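In: I would like the atomic coordinates for the input below:
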Amino acid sequence: MAKNLQQVATGVHRYADGLVNWYLVEEGDALALVDTGWPSSWGRIEAALAELDRKPRDVTVILLTHGHADHLGAAERARTETGATVWGHHMEADRIKGEQKGGSSIALVPRFLPHLWRPTTLGFVLHATVRGFLTPRWVKEVTPFETGQELDVPGRPRVVFTPGHTEAHSSFHFAERGVLVTGDALVTRDPVTGETGPKVFSDALNSSPDEARKSLDALARAEADVLLPGHGEPWTQGTAAAIERARNRA
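Out: Numbering: from 1, shown residues only. I've put the predicted structure just below:
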């Protein structure tokens with residue numbers, strides 16, 4: 001298996017796409033793609049599918065934690081290539097479609113500026129720019145889901161509402177797999193500071209830092225062995241230990 005592709009739980013695979021992660025969840029002949037990396041990531045998604053001896057048409061659903069360009073990046077290309085349905089929280093759908101005023105990832109640029117003295121921040125900005133962060137490709141068709149809904153898709157995840165990074169950021173609890181995909185509600189590598197280990201994203205890049213910290217309570221109720229963040233390595237010591245670490249640091 002390619003070094004970028006890693007099995008992290010039964011039927012769950014992580015792809016480390018530069019400084020962001022996306023995931024593939026298998027169930028029978030079908031696959032769920034959770035987040036889609038950068039606008040330039042479609043070729044890497046194809047390669048990961050081939051590595052698993054799968055074809056694009058095997059992807060039946062695309063789940064988005066939120067509408068920033070390093071997570072929805074290749075979603076529209078993936079939708080048209082696979083025929084999959086793209087799902088996002090009903091309050092995040094306008095951002096995902098590019099219809100929310102101030103919802104573009106470009107709006108994050110001023111927040112990065114005070115931190116560009118950090119080599120880690122500058123490195124992330126350059127890395128993201130090359131991969132299309134400033135030129136999002138919006139999704140034309142989005143199927144909305146609701147807070148707490150169990151989705152009838154591969155892995156049957158439950159939607160955990162974790163606002164703060166964006167107004168309607170959502171995480172996905174694959175309870176039967178012992179997996180919690182946390183997106184940017186909880187990361188194990190902060191792209192701004194370079195800090196590693198479970199933590200809330202840097203305040204500079206959260207729409208509401210207070211809400212982001214409160215969302216740890218929602219994550220704490222989702223028991224899982226493995227936490228899969230949008231940035232950083234998988235956490236394999238369980239939800240409780242991750243949340244304790246994150247709260248202490250917050």
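
In: not counting sequence-adjacent ones, nearest residue to the residue positioned nearest the centre of the chain?
Out: Centroid check for the chain by Cα atoms, centre = their mean gives residue 183 as the closest residue, at 3.6 Å. If the residues on either side of it in the chain are set aside, residue 183 comes closest to residue 65, at 3.0 Å by Cβ to Cβ, 6 or more residues apart in numbering. Placement of C-beta: from N, CA and C, glycine included.

In: need the contact list for that neighbour.
Out: Contact partners of residue 65, counting by Cβ atoms under 8 Å, 6 or more residues apart in numbering, are 34, 35, 71, 169, 170, 171, 172, 181, 183, 184, 185, 230.

In: swap the cut-off to 10 Å and go again
Out: By Cβ atoms under 10 Å, 6 or more residues apart in numbering, the residues touching residue 65 are 22, 34-35, 71-72, 88-89, 92, 162, 165-166, 168-172, 181-185, 229-230.

In: out of the residues you listed, which sit inside strands?
Out: Of the contacts of residue 65, the ones assigned to strands by DSSP state E are 22, 34, 88, 89, 170, 171, 172, 181, 182, 183, 229.

In: show me how far the worst-scoring helix or strand of the chain on mean pLDDT is from its chain's centre.
Out: Sorting the helices and strands of the chain by mean pLDDT, DSSP states H and E puts helix 109-112 at the bottom, at a mean of 83. When C-alpha coordinates are averaged (Cα atoms, centre = their mean, to the nearest Å), helix 109-112 and its chain have centres 20 Å apart.

In: export that helix to PDB, keeping only CA atoms.
Out: Output of helix 109-112 as PDB, limited to C-alpha atoms (Å, rounded to 0.1, in the frame of the first residue of the first chain):
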ATOM      1  CA  VAL A 109      -6.100  34.900   4.400                       C
ATOM      2  CA  PRO A 110      -6.200  38.000   6.600                       C
ATOM      3  CA  ARG A 111      -6.300  35.700   9.700                       C
ATOM      4  CA  PHE A 112      -3.000  34.100   8.600                       C
END
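
In: please identify the buried residues of that helix?
Out: Using 16 or more other Cβ atoms under 10 Å as the test for burial, helix 109-112 gives residue 112.

In: list the helices and strands the helix or strand residue 95 falls within packs on?
Out: According to DSSP states H and E, residue 95 maps onto helix 93-96. In terms of contacts (3 or more Cβ pairs under 10 Å, 6 or more residues apart in numbering; DSSP states H and E), helix 93-96 is packed against strand 85-89, strand 143-145.
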